[in-house]
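In: Fold the following.
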Amino acid sequence: MSNVLPFRPRTPVHQLARCEVVAVAGDLLTLLEQLEDVSARAAAMGRPALEVERTVQHLLDAVGAVERALDCIGEGEQAAPA
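Out: Residues are numbered from 1 along each chain as shown. Modelled structure (predicted):
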């Protein structure tokens with residue numbers, strides 16, 4: 001009889017980090033699609049023109065921010081090869 005319990009091998013940290021990067025990138029892509037959809041719907045709402053223009057501009061700014069975040073993730077992956 002043995003009191004030794006075998007431990008499962010741990011997943012290497014770089015593999016976990018890579019999975020996290022993929023998950024975050026996927027979430028950002030989903031968010032980007034949602035923002036683009038909301039922007040199109042906001043452009044078609046029957047509100048005063050200035051209100052619609054400002055709303056759509058803010059949403060497009062958000063789209064740009066998400067795109068820049070995706071670019072940063074891509075650049076980070078290229079900068080640190082696995």
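In: the helices in the protein, which residues?
Out: Under the criterion DSSP state H, the chain carries helices at the ranges 13-43, 49-79.
In: Turn those into CSV, columns for mean neighbour count.
Out: (Glycine included, C-beta is placed from N, CA and C.) Putting the helices of the chain into CSV (neighbours: other CB atoms under 10 Å) gives the following:
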stretch, mean neighbour count
helix 13-43, 13
helix 49-79, 13
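In: contacting residues for the residue most central in space within the chain?
Out: In the chain, the residue lying closest to the centroid (CA atoms, centre = their mean) is residue 28, at 1.9 Å. The contact partners of residue 28, by CB atoms under 8 Å, 6 or more residues apart in numbering, come to 66, 69, 70, 73.
In: Now with 7 Å, please.
Out: Listed by CB atoms under 7 Å, 6 or more residues apart in numbering, the contact partners of residue 28 are 66, 69, 70.
In: Ok, residue 38 next?
Out: residue 59.
In: Report pLDDT for it.
Out: On pLDDT, residue 38 comes in at 95.
In: Kindly report the same for residue 25.
Out: 92.
In: about what we covered before: including pLDDT and distance to residue 32, could the contacts of residue 28 go into TSV?
Out: Output for these, formatted as TSV (pLDDT from 0 to 100; distance: CB to CB, whole Å):
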residue	pLDDT	distance to residue 32
66	95	5
69	93	9
70	92	7
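In: So residue 66 is in contact with residue 31, correct?
Out: Yes - in this structure residue 66 lies within contact range of residue 31 using CB atoms under 7 Å: 5.7 Å.
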